[in-house]
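Peer 1: Build me a structure from this.
(one chain, ligands or ions: 1)
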Amino acid sequence: MSELGHIDSRLLADRPRHIAIIMDGNGRWARARGLPRPAGHREGVKAVRRVVEACRQNGIEALTLFAFSSENWRRPRTEVKLLMDLFISTLKREVRDLHANGVRVRFIGDRTAFSPRLQQLMDETEALTGGNEGLTLAIAANYGGRWDLARAARRLAEQVAAGALDPAGIDPDRLGREVSLADLPEPDLFIRTGGEQRISNFLLWQLAYTELYFTDILWPDFDQDRLAEALAWFAGRQRRFGCTGEQVEQLKGA
Ligand code: FPP
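Peer 2: Numbers count the residues shown, from 1 in each chain. Below you'll find the predicted structure:
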């Protein structure tokens, strides 16, 4: 290992270990076809299926999908209900297949806001697939990056209050161990479909050094070929993690 230490592997890898996606554009996809928005979300589920499969085939270790943000409750009540029903029906339908394919499913976000039925399904899905060793599929539901950081701060505060932690011991590494997905490699590649170029309160902490890829493609049109384009773009990026380009080139040549 060089003087650059543990970031060597992230500097040198030309394939992401962890991909995080904001799946945007379902509504516009439907509108462009004269269909109601729910039709776009249903088509979005098909894209989820394709991308999970493509990630498995590409040997990606983890995929995190932003399925429902903590701000999405502001949508019309009928659309929120549709999305909840869609989560339930999708989970029920897909869980066996995901399990058979070795996918470990987990959920991040404040699930207490969901119906008992949906919470139960989430718990059961995690319990069933928790021992799998293939792709980790993290579904962000009622998730917000600021919520995640506030929760991490609260956890640390509780440990301080209990006398188990010295405030002087709180540094980025210690805080980073309390945020969601702390046990996974940080996302290497972030993809947002639908043309917007923002993070929208997704994984604020975890995306600090992630390569950001924005595409105009609407989520229901995203497939293995579009993923391949994003992976090719990623392979052409020079990741530096604060180092100089010369250091990185030297390391690559070593
Ligand atoms: C954004 O498109 C999409 C969402 C808020 C929901 C995403 C949900 C799915 C793809 C289906 C469920 C997924 C799982 C993992 C079960 P938008 O409605 O904001 O589109 P617009 O910007 O065109 O209006």
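Peer 1: Quick check: most distant residue from the centroid of the chain.
Peer 2: Farthest-out residue of the chain from its mean C-alpha position, per CA atoms, centre = their mean: Gly163, at 33.8 Å.
Peer 1: Now do the strands in this protein.
Peer 2: If DSSP state E is used as the criterion, the strands of the chain fall at 18-22, 62-69, 104-108, 136-143, 189-192, 211-214.
Peer 1: Next, format the ones you listed as TSV and append mean neighbour count, distance to the ligand and mean pLDDT.
Peer 2: C-betas here are computed from N, CA, C, even on glycine. Converted to TSV, those look like this (neighbours: other CB atoms under 10 Å; distance: least, CB to the nearest ligand atom, whole Å; pLDDT from 0 to 100):
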stretch	mean neighbour count	distance to the ligand	mean pLDDT
strand 18-22	25	8	98
strand 62-69	22	4	97
strand 104-108	21	9	98
strand 136-143	23	5	97
strand 189-192	24	10	98
strand 211-214	17	14	98
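Peer 1: out of those, which comes closest to Leu86?
Peer 2: strand 62-69 (9.3 Å; CB to CB).
Peer 1: Tell me the helices and strands packed up against the closest one.
Peer 2: Of the remaining helices and strands, those touching strand 62-69 by 3 or more CB pairs under 8 Å, 6 or more residues apart in numbering; DSSP states H and E are strand 18-22, helix 37-57, helix 77-100, strand 136-143.
Peer 1: same thing but 7 Å
Peer 2: Contacts defined by 3 or more CB pairs under 7 Å, 6 or more residues apart in numbering; DSSP states H and E place strand 62-69 against strand 18-22, helix 37-57, strand 136-143.
Peer 1: ok, now which ones touch Phe214?
Peer 2: By CB atoms under 7 Å, 6 or more residues apart in numbering, Phe214 lies in contact with Arg192, Gln197.
Peer 1: Up against the ligand, what does the chain have?
Peer 2: Contact residues (CB under 6 Å from any ligand atom) of the chain with the ligand: 23-28, 41, 44-45, 48, 65, 67, 72, 86-87, 90, 139, 194, 219.
Peer 1: Point to the residue nearest the middle of this structure.
Peer 2: The structure's the chain has its C-alpha centroid closest to Thr64; by CA atoms, centre = their mean the separation is 2.2 Å.
Peer 1: Which residues are in contact with that one?
Peer 2: By CB under 7 Å, 6+ apart, the residues touching Thr64 are Ala20, Ala138, Ala140, Leu181, Pro187.
Peer 1: likewise Val45?
Peer 2: Contacts of Val45 were listed using CB under 7 Å, 6+ apart, and they are Leu86, Thr90.
Peer 1: so what's Glu249 scoring on pLDDT?
Peer 2: As predicted, Glu249 sits at a pLDDT of 80.
Peer 1: burial of it, as a residue count?
Peer 2: Glu249: 11 surrounding residues under other CB atoms under 10 Å.
Peer 1: where does the stretch 1-150 of the chain have low pLDDT?
Peer 2: Regions of the stretch 1-150 of the chain meeting the criterion pLDDT under 70 cover residues 1-9, 11-12.
Peer 1: of all of it, which residue lies closest to the ligand?
Peer 2: Proximity of the stretch 1-150 of the chain to the ligand (CB to the nearest ligand atom) peaks at Gly27, 2.5 Å away.
Peer 1: ok, now which ones touch that residue?
Peer 2: Gly27 makes contact with Arg37, Gly40, according to CB under 7 Å, 6+ apart.
Peer 1: ok, now how distant is it from Trp219?
Peer 2: Taking CB to CB, to the nearest Å as the measure, Gly27 falls 10 Å from Trp219.
Peer 1: try Glu53
Peer 2: As judged by CB to CB, Glu53 and Trp219 stand 16 Å apart.
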